[in-house]
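K.L.:
What follows is a predicted protein model with its sequence.
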Amino acid sequence: LTTLATRRCYCSTQNPTANKALTIMTHTAPAIVAPSLLSCDLANIDRDATQMLELGADWLHMDIMDGHFCPNLSFGPPVIASLRKAQKDAYLDCHLMVSEPANWVGPMAKAGAS
């Protein structure tokens, strides 16, 4: 399930006396479908991840929150490591919403974050 997203950039000429039609540049890139597992049933995270992939998801989006940068607390390296064991080929797109991301990159990569 890959769709195409189109962005349009409208550019006018730099000549103020030439009020002519705009030049339209179009860039087409494949869209990536990456549903968040933040609202999954944590007791069945593997089942929910499998369902999302079977329904056409390209990636699995994992919202990583430390309870400091934003008020919520969510997945950490142990959850990512557990999901990686079950989903060996899935792309785990980890969105770090944490106060000190440099402290999280190594542990998340070791746990299996993509």
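P.N.:
Done, it's in.

K.L.:
For residue 36, give me its contacts.
P.N.:
Applying CB atoms under 8 Å, 6 or more residues apart in numbering to residue 36 gives the contacts 61-63. From N, CA and C alone the C-beta is placed, and that goes for glycine too.

K.L.:
Repeat that for residue 108.
P.N.:
Going by CB under 8 Å, 6+ apart, residue 108 touches 64, 77, 80, 94, 96.

K.L.:
of all those residues, which comes closest to residue 102?
P.N.:
Minimum distance to residue 102 across the contacts of residue 108 is 9.7 Å, recorded for residue 96 (CB to CB).

K.L.:
wait, the closest one sits on residue 106?
P.N.:
No: contact criterion CB atoms under 8 Å: residue 96 and residue 106 do not qualify, at 11.9 Å.

K.L.:
More neighbours: the two, which one.
P.N.:
More neighbours surround residue 96 than the other of residue 96 and residue 106, with 19 against 10 (other CB atoms under 10 Å).

K.L.:
partner residues bridging the more buried one?
P.N.:
Beta-bridge pairing for residue 96 (DSSP bridges): residue 64.

K.L.:
show me what contacts it?
P.N.:
By CB under 8 Å, 6+ apart, residue 96 lies in contact with 64, 104-105, 108.

K.L.:
quick one: low-confidence ranges for this protein?
P.N.:
For the chain, the stretches flagged by pLDDT under 70 are 1-27.

K.L.:
so where do the helices sit in it?
P.N.:
45-54, 77-86, 102-111 (DSSP state H).

K.L.:
Adding distance to residue 71 as columns, could you present these in CSV?
P.N.:
CSV is the format used below for those (distance: least, CB to CB, whole Å):
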stretch, distance to residue 71
helix 45-54, 22
helix 77-86, 19
helix 102-111, 17
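
K.L.:
which one of these lies closest to residue 29?
P.N.:
Residue 29 lies closest, by CB to CB, to one member of these: helix 45-54, at 21.5 Å.

K.L.:
Tell me which residues are up against the closest one.
P.N.:
In contact with helix 45-54 (CB under 8 Å, 6+ apart) are residues 35, 37, 40-41, 60, 79, 82-83, 86-87, 90.
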